[in-house]
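Undergrad: Let's see this in three dimensions:
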Amino acid sequence: MSTRMLNLKIPSIPLSLFDDVDTLAITSSSFEKYQPGSWRLQIPPMKRLKKVVWVSDPSVRPKVEQKTHREWYKLNLWILAEMILVLPDVEFQVVNAGSTILKDPNYRYMSVTKRQKDAEQLVRLQVQQKSVGCQSYRSTCVRFVELREFRNNEEWAKWFSQDEMGRWDAISSELPV
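TA: Below you'll find the model as predicted:
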């Protein structure tokens with residue numbers, strides 16, 4: 001799914017389907033091209049939503065070679081910041097954000113751990129800047145975890161298959177820590 005176009009109000013899906021959703025699991029490509037958002041997030045009401053699990057998937061590579069420009073490697077997490085503001089009482093678990101170093105051809109010289117920390121700082125800064133004068137959010141409701149930590153929690157099997165997790169593990173294990 002392109003995180004630039006997160007729109008869960010799809011005509012073919014009845015809105016009542018979302019009434020019983022307590023966890024929303026989203027995967028986005030680690031290679032997502034940077035493009036700041038210019039439209040608002042569109043999600044239907046989810047009365048029981050308690051948690052959003054957002055996973056950066058390192059196995060979804062672009063089908064077409066992307067043209068590069070000086071900001072192409074930036075993190076594309078503005079939609080995550082929007083979701084945090086729209087859903088202030090929901091817990092967010094952001095998984096494997098460090099794998100977005102794969103967008104950079106020099107990723108072998110980079111650090112997944114540093115990218116993960118950069119992603120966390122960027123999201124928190126965006127949320128803080130956008131929440132000025134608006135309702136406040138609980139910064140403790142947003143947690144960034146590495147894939148290894150997520151994998152150690154049995155909960156992942158509720159949303160992702162063993163095959164998916166195996167692909168992500170294989171790629172992530174070869175990335176520089």
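Undergrad: For burial, what's the neighbour tally of residue 20?
TA: 10 (other C-beta atoms under 10 Å). C-betas here are computed from N, CA, C, even on glycine.
Undergrad: Give me the pLDDT value at it.
TA: For residue 20, the pLDDT comes out at 89.
Undergrad: Tell me who's in contact with the most centrally placed residue in the chain.
TA: Geometric centre of the chain, nearest residue: residue 54, 4.0 Å, by C-alpha atoms, centre = their mean. For residue 54, the contact set (C-beta atoms under 8 Å, 6 or more residues apart in numbering) comprises 26, 28, 80, 92-95.
Undergrad: and after the lowest-mean-pLDDT helix or strand in the chain, which helix or strand comes next?
TA: Least confident helix or strand of the chain, by mean pLDDT, DSSP states H and E, is helix 78-86 with a mean of 83. Using DSSP states H and E, the next helix or strand after helix 78-86 towards the C-terminus is strand 91-95.
Undergrad: Which neighbours in the sheet does that following strand have, and how are they oriented?
TA: strand 51-57 (parallel), strand 142-145 (parallel) (DSSP bridges).
Undergrad: and the residue nearest to the centre of the chain, how far is that from residue 91?
TA: 11 Å (C-beta to C-beta, to the nearest Å).
Undergrad: you'd agree residue 91 is up against residue 50?
TA: Yes: the pair residue 91 / residue 50 is scored as a contact, 6.4 Å apart, by C-beta atoms under 8 Å.
Undergrad: So those two - more neighbours on which side?
TA: residue 91 (16 against 13).
Undergrad: If that one is in a bridge, with which residues?
TA: Judged by DSSP bridges, the bridge partners of residue 91 are residue 51.
Undergrad: Contact partners for it?
TA: Counting by C-beta under 8 Å, 6+ apart, the residues that residue 91 touches are 50-52, 141-143.
Undergrad: same check, this time on residue 115
TA: Counting by C-beta under 8 Å, 6+ apart, the residues that residue 115 touches are 75, 97-101.
Undergrad: Now do the lengthiest helix in the chain against helix 78-86, angle only.
TA: Secondary structure of the chain per DSSP state H: the longest helix is helix 112-130. Inter-element angle recorded for helix 112-130 and helix 78-86: 50 degrees (by axes from the mean of the first three to the mean of the last three C-alpha atoms, to 10 degrees).
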